[in-house]
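Participant: Build me a model:
(one chain, ligands or ions: 2)
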Amino acid sequence: MISVLGAGAFGTAVAVSLARNGGSVQLWAHDPAHVEALRQARENVLRLPGVPLPDNVEPIERLDDVPPEAVILLAVPMQTLRHLLQDNAEHFLARTLVACCKGMDLKTHVGPVQTISDCVPTAMPAILTGPSFAADIAHGLPTALTLACRDERVGKALQQSLTTPNLRIYRTTDTIGAELGGALKNVIAIACGVVIGARLGDSARAALMTRGYAEMQRMALRLGAKPETLAGLSGFGDLALTCTSEGSRNFRFGLSLGQGEPFDTDVTVEGAATARAALARARELGIEMPITGAVTALLDGQVDVRQAMDMLLSRPLKDE
Ligand SMILES: NC(=O)c1ccc[n+]([C@@H]2O[C@H](COP(=O)([O-])OP(=O)(O)OC[C@H]3O[C@@H](n4cnc5c(N)ncnc54)[C@H](O)[C@@H]3O)[C@@H](O)[C@H]2O)c1
Ligand SMILES: O=P(O)(O)OC[C@H](O)CO
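Facilitator: Ligands and ions are numbered 1, 2, ... in the order given. Model prediction:
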């Protein structure tokens, strides 16, 4: 049994994909009305329209209904993860918990794996991350992800149980690299959206992706990540997807900022809170993260797009 907690686009897509592969899948939502709508429509009309829920996906509203042997996937937005874990800690004790969120917590400045460890010290945390749009997974398009778990035995078992014919899962023990790659690429994707929205050109985007990758590495390596994790699916792979596709909400949010247009506040944009959290963490660690700083200043209304670019271009010249 696999229990997916969080019935947004990603949770629903993963539940659908795993259910098609056989076996029972629970899909928990925190809002009873949402659960009822999933039961009635057999579709997540709001977040993943046009994808029917297979019969073996069971929408549930009570965490009590998650059986002890279930593998739990946490597919909620990053800024709700800590509350979910703290408010329902009795349901998570000594469980294997696979985070699917990409971000850093605004209050604690840490990613999802560290958040699980902090909130439920008896749990075995893991993370499933990498380049993947929910719609692609739901439509059975080929996708490759990284599963990171410090315990090799648990990681191998998760890799087996989460792999499907369309979803290829690579494994690592480097949870730090996996969680930071997935979190920080969202900030760089916002920056790339801004330059494209402001018509500053594809060359500027390539520069931002490259220097953004350097910034991601700087923080991740300092915190103990392996360089090869950053160069893999969860880092470079997801950076490439998110910075170049209008399928990305972070990129689209940046586009709107660059065009001076409003953006739908109901859309999940993980990079906005993560920019602030990452900048705070970088300051604690004494690490330079100028793109993250520029994105944060732009989001906080301290600078406009031109001034944000000037912040980056007027930095002292340095070696690559
Ligand atoms: N959508 C994608 O393509 C995709 C791909 C990979 C990873 N992710 C990651 O998955 C996570 C979830 O994103 P999403 O796209 O599914 O978001 P979404 O915006 O589609 O849905 C978010 C869901 O979270 C629910 N929610 C809100 N507050 C909650 C709370 N307090 N407790 C429990 N649930 C709550 C909402 O009801 C909603 O159903 C994010 O961290 C995102 O980065 C998304
Ligand atoms: O829509 P985004 O920007 O949250 O990106 C979705 C996934 O993280 C892409 O891998």
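
Participant: Quick check, the residue in this structure closest to ligand 1?
Facilitator: Among residues of the chain, the one nearest ligand 1 by CB to the nearest ligand atom turns out to be residue 8. It sits 1.9 Å away. Backbone N, C-alpha and C define where each C-beta goes, glycine included.

Participant: where do the strands sit along the stretch 151-300 of the chain?
Facilitator: Along the stretch 151-300 of the chain, the segments classed as strands by DSSP state E, counting those that start in this stretch run 167-172.

Participant: List the buried residues for the worst-scoring helix or strand of the chain on mean pLDDT?
Facilitator: For the chain, counting by mean pLDDT, DSSP states H and E, helix 305-313 ranks last in confidence among helices and strands (a mean of 85). By 16 or more other CB atoms under 10 Å, the buried positions in helix 305-313 come out as 305, 308, 309, 311, 312.

Participant: out of the residues you listed, who's nearest residue 70?
Facilitator: residue 308 (45.1 Å; CB to CB).

Participant: can you list the residues of the stretch 51-200 of the chain near ligand 2?
Facilitator: When proximity is defined as CB under 6 Å from any ligand atom, the stretch 51-200 of the chain approaches ligand 2 at 102, 131, 132, 133, 186, 189.

Participant: Wasn't the first one part of a strand?
Facilitator: Yep, that's residue 102 we're talking about. No - counting by DSSP: H, G, I helix; E, B strand; the rest coil, one finds residue 102 to be coil, located in no strand.

Participant: got the contact list for it?
Facilitator: The contact partners of residue 102, taken as CB atoms under 8 Å, 6 or more residues apart in numbering, are 78, 112, 129, 182, 183, 185, 186, 238, 270, 274.

Participant: do the longest helix anywhere in the chain and ligand 1 meet at all?
Facilitator: Scanning the chain for the longest helix, with DSSP state H as the assignment, gives helix 175-197. No - for helix 175-197 and ligand 1, the contact criterion (CB under 6 Å from any ligand atom) is not met; the two come no nearer than 7.0 Å.

Participant: how much does that helix deviate in direction from helix 305-313?
Facilitator: Interaxial angle, helix 175-197 versus helix 305-313 (axes from the mean of the first three to the mean of the last three CA atoms, to 10 degrees): 130 degrees.

Participant: So that it lines up with my notes, have the first residue be 49 from now on.
Facilitator: Happy to do that; since the first residue is 49 now, the last one works out to helix 223-245.

Participant: avg pLDDT for helix 223-245?
Facilitator: The average pLDDT for helix 223-245 rounds to 97.

Participant: how about the residues of the chain near ligand 1?
Facilitator: Counting by CB under 6 Å from any ligand atom, the residues of the chain that sit close to ligand 1 are 54-59, 78-79, 82, 95, 123-126, 128, 131-132, 148-151, 180-182, 316, 318.

Participant: Mind checking which of those are buried?
Facilitator: Members of the residues of the chain next to ligand 1 that pass the buried threshold by neighbour count (16+ other CB under 10 Å) are listed as 54-59, 78, 82, 95, 123-126, 132, 148-151, 180-182, 316, 318.

Participant: the helices in the stretch 49-198 of the chain, which residues?
Facilitator: Taking DSSP state H, counting those that start in this stretch as the criterion, the stretch 49-198 of the chain contains helices spanning 57-68, 80-89, 126-135, 160-167, 182-186.

Participant: which of those is buried the deepest?
Facilitator: Each of these was given a mean neighbour count from mean count of other CB atoms under 10 Å, and the largest, a mean of 25, is that of helix 57-68.

Participant: All set, thanks.
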